[in-house]
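Participant: Structure for this input, please:
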Amino acid sequence: MLYYFSMRDITAKKIIVIEDEADIRVLYKEVLNAAGFSVHDAADGVAGMSMLKNTDWNLVLLDIMLPGKDGMKILKELKETPAFKKGIVVALSNLNNDTIIKEAFKQGIDGYLIKSEINPDRLIEEIRGFLG
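Facilitator: Got it, this is the predicted structure:
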């Protein structure tokens, strides 16, 4: 299934999707690519952190529950490393827990989206909002 979106000034925007569920990761990548974004993806926290260090990016969609290194540890590492404070970090998780959400914002997350409440159109709308 392909989704089509207006491509207003997004072609140069690079997004990293760090998501361990393969079907969701592939869907997000497909939808974001169709919308004109350049998308890289990682299936676990260790690979995701390596990608964050070695790839230029504008926005990362970060799952909180990840094998290897969870999203909260990635957030903490990003917050503690000034060189990595270069992009927007948005959690995209099924964890709808106030304590976890508050902690994510405390760690410097820019947004928190609940996977079960997001469809492809809304995902693109939210990303465009974060990227201005």
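Participant: ok, what's across the strand from the closest residue to residue 56 other than its chain neighbours?
Facilitator: Distance criterion CB to CB, 6 or more residues apart in numbering; nearest residue to residue 56, sequence neighbours excluded, is residue 14 at 5.9 Å. In short, each C-beta sits where N, CA and C put it, glycine included. Note on residue 14: beta-bridge partners residue 38, judged by DSSP bridges.
Participant: How about the contacts made by residue 14?
Facilitator: By CB atoms under 8 Å, 6 or more residues apart in numbering, the contact list for residue 14 reads 37-40, 55-59.
Participant: repeat that for 10 Å
Facilitator: Each residue near residue 14 by CB atoms under 10 Å, 6 or more residues apart in numbering is listed here: 37-40, 55-60, 87.
Participant: So which other helices or strands are in contact with the lowest-mean-pLDDT helix or strand in the chain?
Facilitator: Lowest by mean pLDDT, DSSP states H and E among the helices and strands of the chain is helix 71-80, with a mean of 90. Applying 3 or more CB pairs under 10 Å, 6 or more residues apart in numbering; DSSP states H and E, we find helix 71-80 packed against helix 45-54, strand 59-62, strand 88-93, helix 98-106.
Participant: Need the contact partners of that helix.
Facilitator: 18-19, 45-46, 48-49, 52-53, 60, 62-66, 68-70, 84-87, 89, 91-93, 95, 100, 103-109.
Participant: Please produce a PyMOL select command covering the buried subset of those residues.
Facilitator: The PyMOL command for the buried members of the contacts of helix 71-80 (criterion: 16 or more other CB atoms under 10 Å) is given here:
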select buried, resi 18+19+45+48+49+52+60+62+63+64+66+69+70+84+87+89+91+92+93+95+100+104+107+109
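Participant: List the contacts of the residue nearest the centre of the chain.
Facilitator: With distances taken as CA atoms, centre = their mean, residue 61 lies nearest the centre of the chain, 0.4 Å away. Residue 61 is in contact with 15-19, 25, 28-29, 32, 39, 41, 88-93, 111, 113, 123, 126-127, 130, counting by CB under 10 Å, 6+ apart.
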